[in-house]
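# Give the three-dimensional model of this entry:
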Amino acid sequence: MADGDVWGGNRFDAGEWGNISMTPYRVSIVSAVAVVAASMVPQAIAAKPPQIKASFGSGLAIDIKKGKKVASTGNNGKIKLKRGAYRFVLAENSQFHNYRLVNAKGRTIKGKFGKRKRKVVTGVSATRSKPFIYTVNLKKGSYVLLCDPHFQQKMKVKITVK
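Next up, the predicted model:
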């Protein structure tokens, strides 16, 4: 028997033995970390839906923004979005306007406002320093963000969801 070879077989030094015996454990740990990371990605995406900011422009205009996309009653008032959840941030800073989100049939859409599900609509005299924030799941179809008192003056933005 060679020096340090207790079993009489091939001799491994400590470094090689550690690598061989730890390989299954390392693979298991790496796999577990990958599974946990992959399961957290959908939660992170679901936790923060894309944001749509809406504000009143000059005159009878509604401006909405999603990233670099902008739609306004001044530029035909159309924007295209992908279906899914969106966070609508509605700045209500006038006593003469309101916001209401309706579908193609004219029905007001419900969204999550705080902890409750409510229709996405603000009051005409709802001037406030903080915006109204609704989380809305948009399905394929057409929607309109409008101002009720000025709808006849075409104060609206059309949202097409693919």
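# those strands in this structure, which residues are they?
51-56, 62-66, 69-72, 78-81, 84-90, 100-103, 110-113, 116-119, 132-138, 141-146, 156-161 (DSSP state E).
# Kindly report which one of those carries the lowest mean pLDDT.
Out of the strands of the chain, strand 69-72 stands lowest, with a mean of 81 (criterion: mean pLDDT).
# List the buried residues of that strand.
Ala71, Ser72 (16 or more other CB atoms under 10 Å). For the C-beta atoms, the positions are set from N, CA and C on the backbone; glycine is no exception.
# what's next to that strand, contact-wise?
Under the criterion CB atoms under 8 Å, 6 or more residues apart in numbering, residues 57, 61-65, 77-80, 157-159 lie in contact with strand 69-72.
# want to try TSV for those, with distance to Thr135 as columns?
What follows is these, written out as TSV (distance: CB to CB, whole Å):
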residue	distance to Thr135
Gly57	24
Ala61	25
Ile62	20
Asp63	21
Ile64	16
Lys65	17
Gly77	23
Lys78	23
Ile79	18
Lys80	20
Val157	19
Lys158	21
Ile159	15
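# and the strands of the chain as JSON lines, adding distance to Ser125?
Output for those, formatted as JSON lines (distance: least, CB to CB, whole Å):
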{"stretch": "strand 51-56", "distance to Ser125": "14"}
{"stretch": "strand 62-66", "distance to Ser125": "18"}
{"stretch": "strand 69-72", "distance to Ser125": "24"}
{"stretch": "strand 78-81", "distance to Ser125": "28"}
{"stretch": "strand 84-90", "distance to Ser125": "15"}
{"stretch": "strand 100-103", "distance to Ser125": "15"}
{"stretch": "strand 110-113", "distance to Ser125": "18"}
{"stretch": "strand 116-119", "distance to Ser125": "17"}
{"stretch": "strand 132-138", "distance to Ser125": "14"}
{"stretch": "strand 141-146", "distance to Ser125": "17"}
{"stretch": "strand 156-161", "distance to Ser125": "20"}
